[in-house]
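**Q** Sequence and computational prediction follow.
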Amino acid sequence: MHIIPLKAFSDNYIWVIYSPDKNQVAVVDPGDSRPVMAFLEDNDLSLDSILITHYHKDHIGGVQALKDRYHCHVYASKHDQLSFADTELDEGDEISLFDGSYQFSVLHLPGHTMGHIGYYSNDHNLVFCGDTLFRVGCGRMFEGTPDIFHHSLQKLAQLPPSTLVYCTHEYTLANIAFAKTVEPDNPDLLELERNCKELRDQDLETLPSTIDSELKTNPFLRCTEPSVIETAERAEDKSLSDPVETFATIRRLKDNF
């Protein structure tokens, strides 16, 4: 399986799942149809399917145009009830792309939105997680509650450490800047910042991440770490005994950063 990023808007990535022996692709969260169409035409490829993580416009804006032109199959969350969805999905469902070549399990990941889903491939050791988990960050909590969002993040944290994490935005350096206010002395975070600055200086993607990297650097996955708890307690001016409380505080701090 080859995963190719297509840039959209100011900081979105549309992920292309490419099957070399099939001459077909699937795309994840095409908020804009134009880069997808250009890629398909430039490489003489056909569009087999579209995978949607959630209903926000920058993730679905190009779907209808692509479906009209290529007659592709659209997978989406059953909770979002999108008119263009051919197959509606929920936790535990499985999908098969390219006549069974690639299998994905569906994860329900509410928090950013309540219907948000992700696509996990055990065989290929990767997850498309939309706006639930970013590199060194997580999505804004538009619809969920701290306990719901924290549970979703823990579901991702429990995937194998080597799992490749494909989120949908190039927010890494901004997320690192915030994370340094939470854990200024985290050596893994400081090393990651150096590496990611080098990548961005070359206009290269900082993605994918890995679950292992997120567990070492992402404050939203580190809510049981003493250094993260200390920052949250200082912000709240009280003791916090629950990781959900710590998560809620760190998320609020990020919202105001």
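**A** That came through fine.
**Q** Now for the most centrally placed residue in the chain: which residues touch it?
**A** The centre of the chain sits closest to C167, judged by CA atoms, centre = their mean, with a distance of 2.6 Å. Going by CB atoms under 8 Å, 6 or more residues apart in numbering, C167 touches Y13, C129, G130, D131, T132, L133, F134, R135, L207, S209. (C-beta placed from N, C-alpha, C; glycine too.)
**Q** With L153 instead?
**A** Residues near L153 by CB under 8 Å, 6+ apart: G111, T132, L133, C138, F220, L221, F247.
**Q** Same question for E193.
**A** Neighbours of E193 in contact, by CB under 8 Å, 6+ apart: L173, I176, K180.
**Q** The closest residue to H116 other than its chain neighbours and D11, how far apart?
**A** Closest residue to H116 in three dimensions, ignoring its sequence neighbours and counting by CB to CB, 6 or more residues apart in numbering: H54, at 4.3 Å. Distance of H54 to D11, given as CB to CB, to the nearest Å: 17 Å.
**Q** Between those two, which has more neighbouring residues?
**A** H54 (28 against 13; other CB atoms under 10 Å).
**Q** Buried subset of the contacts of E193 as a ChimeraX selection?
**A** To isolate the buried members of the contacts of E193 in ChimeraX, using 16 or more other CB atoms under 10 Å:
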select :176,180
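**Q** mind listing which of the contacts of E193 are in helices?
**A** Using DSSP state H to define helices, the subset of the contacts of E193 located there is L173, I176, K180.
**Q** between the residues you listed, which is closest to E191?
**A** I176 (10.7 Å; CB to CB).
**Q** residue boundaries of the strands in this structure?
**A** 2-8, 12-19, 24-28, 46-51, 73-77, 87-89, 94-97, 102-108, 117-121, 126-130, 133-134, 137-138, 164-167, 209-210 (DSSP state E).
**Q** Reformat those strands as a markdown table; add distance to L40 and mean pLDDT.
**A** Listed next are those as a markdown table, based on distance: least, CB to CB, whole Å; pLDDT from 0 to 100:
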| stretch | distance to L40 | mean pLDDT |
| --- | --- | --- |
| strand 2-8 | 10 | 97 |
| strand 12-19 | 9 | 96 |
| strand 24-28 | 7 | 97 |
| strand 46-51 | 6 | 97 |
| strand 73-77 | 15 | 98 |
| strand 87-89 | 21 | 98 |
| strand 94-97 | 16 | 97 |
| strand 102-108 | 18 | 97 |
| strand 117-121 | 20 | 98 |
| strand 126-130 | 19 | 98 |
| strand 133-134 | 27 | 98 |
| strand 137-138 | 31 | 98 |
| strand 164-167 | 20 | 98 |
| strand 209-210 | 27 | 98 |
